[in-house]
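[1] My questions are about this predicted structure, shown below with the sequence.
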Amino acid sequence: AKAAGRNNYQFFTQKMNLAAAHHFELESSLRSALALQQFELHFQPIMDIRTRHLHAMEVLLRWRRPGHGLVGPDQFIPIMEENGLIVPVGEWVIRRACEQNMEWLRQGLQPVPLAINLSPRQFMHRGLVASIRRILEETGIDPALIEFEITETAVMQHGEQTLEILGQINAMGIRLSIDDFGTGYSSLAYLKRFPVRKIKIDRAFIKDLEESTEDRAIVAAIIALSDSLQLSVVAEGVETEAQFGLLQRQGCQHAQGYLFSRPVPCAEAQHLLQGRAE
Ligand code: C2E
Ligand code: CA
Ligand code: CA
Ligand code: CA
């Protein structure tokens, strides 16, 4: 039994070493990924529920990691959030999104707002406002064509300081929305205090919309609240016509999800914009 125990232990430490080595490798490749131009932006349409026309697009980060294909943000954003890499990479995302949007305008496409995610760490970084200002200047983008998405958790973490940063971003003419609404603190008081224009209902409430009367009640309540505060609402993760129909009847304005399109690479996003109805 003792020998077996030791074998288990050895096996366990081997696995631990492997996991640690794996993490180390991941982290060091991430450190050079920006310089090696391995990041790219994908875009997912946000539709107007009433007209079914494209209303905006969310910008979603991808990592083209050699030997691993296209890696999704859940695999590396938590690590970058921990080691701080999210600050330069997040800044790159904002710049790249603004440049791309300017490029589409130059090609004569109809203007489209791009929604960019800001992580909590990025949000609390002291240089954020200055870097946004610099990007606006250098790219010449109309601030009305960008939106920032921040989560409730990021917003609630640092009360007054947060309010000040949100105020500065808002003063630049950039719209702010609350991402993953309903999953965080769910304190509704801040919605009134913060210069937020839009909330995004988390996919968790949309997933079982057809079966769950509770989820339907929650979504209806969020929409009613938003209406009374004059916020617009986006439902995330809309995958079926049935969900779409329910949201439409509940008066939700916007929807995003696989029903319309998965996040797509730049060239495909451009096609979507070219085929866009007036
Ligand atoms: P999020 O901001 O909540 O983004 C929506 C996620 O839901 C995206 O996953 C999108 O692909 C996925 N999604 C959209 N429609 C559907 C649907 O109908 N069904 C299902 N099952 N999923 C759907 P993705 O691209 O893997 O991104 C995951 C998260 O990574 C994002 O969640 C966001 O928190 C973060 N993220 C992505 N890009 C960035 C970035 O540039 N900066 C920061 N800080 N975070 C980012
Ligand atoms: Ca988002
Ligand atoms: Ca979300
Ligand atoms: Ca999410």
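    Thanks, I have the structure now. Numbering: from 1, shown residues only. Ligands and ions are numbered 1, 2, ... in the order given.

[2] residues contacting the closest residue in space to residue 80 that isn't next to it in sequence?
    What sits nearest to residue 80 in space, not counting adjacent residues and going by Cβ to Cβ, 6 or more residues apart in numbering, is residue 86, at 4.1 Å. All C-beta atoms are positioned from the backbone trio N, CA, C, and that covers glycine. Neighbour list for residue 86: 77, 80, 119, 121, 122 [criterion: Cβ atoms under 8 Å, 6 or more residues apart in numbering].

[3] tell me the pLDDT at the third one?
    On the pLDDT scale, residue 119 is placed at 93.

[4] measure the spatially most central residue of the chain to residue 22 for me?
    Nearest to the geometric centre of the chain sits residue 117, at 3.9 Å (Cα atoms, centre = their mean). Using Cβ to Cβ, to the nearest Å, residue 117 is found at 26 Å from residue 22.

[5] Which positions in the stretch 51-200 of the chain make contact with ligand 1?
    60-61, 72-74, 77, 86, 90, 93, 117-119, 179-180 (Cβ under 6 Å from any ligand atom).

[6] now the residues you listed as JSON lines including secondary structure and distance to residue 157?
    Compiled in JSON lines, these are given as follows (DSSP: H, G, I helix; E, B strand; the rest coil; distance: Cβ to Cβ, whole Å):
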{"residue": "60", "secondary structure": "strand", "distance to residue 157": "23"}
{"residue": "61", "secondary structure": "strand", "distance to residue 157": "22"}
{"residue": "72", "secondary structure": "coil", "distance to residue 157": "25"}
{"residue": "73", "secondary structure": "helix", "distance to residue 157": "20"}
{"residue": "74", "secondary structure": "helix", "distance to residue 157": "21"}
{"residue": "77", "secondary structure": "helix", "distance to residue 157": "17"}
{"residue": "86", "secondary structure": "helix", "distance to residue 157": "15"}
{"residue": "90", "secondary structure": "helix", "distance to residue 157": "17"}
{"residue": "93", "secondary structure": "helix", "distance to residue 157": "21"}
{"residue": "117", "secondary structure": "strand", "distance to residue 157": "16"}
{"residue": "118", "secondary structure": "coil", "distance to residue 157": "13"}
{"residue": "119", "secondary structure": "coil", "distance to residue 157": "12"}
{"residue": "179", "secondary structure": "strand", "distance to residue 157": "14"}
{"residue": "180", "secondary structure": "strand", "distance to residue 157": "14"}
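
[7] Counting neighbours, which of those comes out on top?
    residue 179 (26 neighbours; other Cβ atoms under 10 Å).

[8] Tell me the residues of this protein that contact ligand 2?
    117, 149, 179 (Cβ under 5 Å from the ion).

[9] List the buried residues in stretch 45-58.
    For stretch 45-58, a neighbour-count test (16 or more other Cβ atoms under 10 Å) marks 45, 46, 47, 49, 54, 55, 56, 57, 58 as buried.

[10] Export those residues as JSON lines, with columns for distance to residue 227 and secondary structure.
    Shown next, in JSON lines, are the buried residues of stretch 45-58 (distance: Cβ to Cβ, whole Å; DSSP: H, G, I helix; E, B strand; the rest coil):
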{"residue": "45", "distance to residue 227": "24", "secondary structure": "strand"}
{"residue": "46", "distance to residue 227": "19", "secondary structure": "strand"}
{"residue": "47", "distance to residue 227": "19", "secondary structure": "strand"}
{"residue": "49", "distance to residue 227": "14", "secondary structure": "coil"}
{"residue": "54", "distance to residue 227": "23", "secondary structure": "strand"}
{"residue": "55", "distance to residue 227": "18", "secondary structure": "strand"}
{"residue": "56", "distance to residue 227": "20", "secondary structure": "strand"}
{"residue": "57", "distance to residue 227": "24", "secondary structure": "strand"}
{"residue": "58", "distance to residue 227": "23", "secondary structure": "strand"}
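
[11] now, among the residues you listed, which is nearest to residue 108?
    Taking Cβ to Cβ as the measure, residue 108 lies nearest residue 54 of the buried residues of stretch 45-58, at 16.4 Å.
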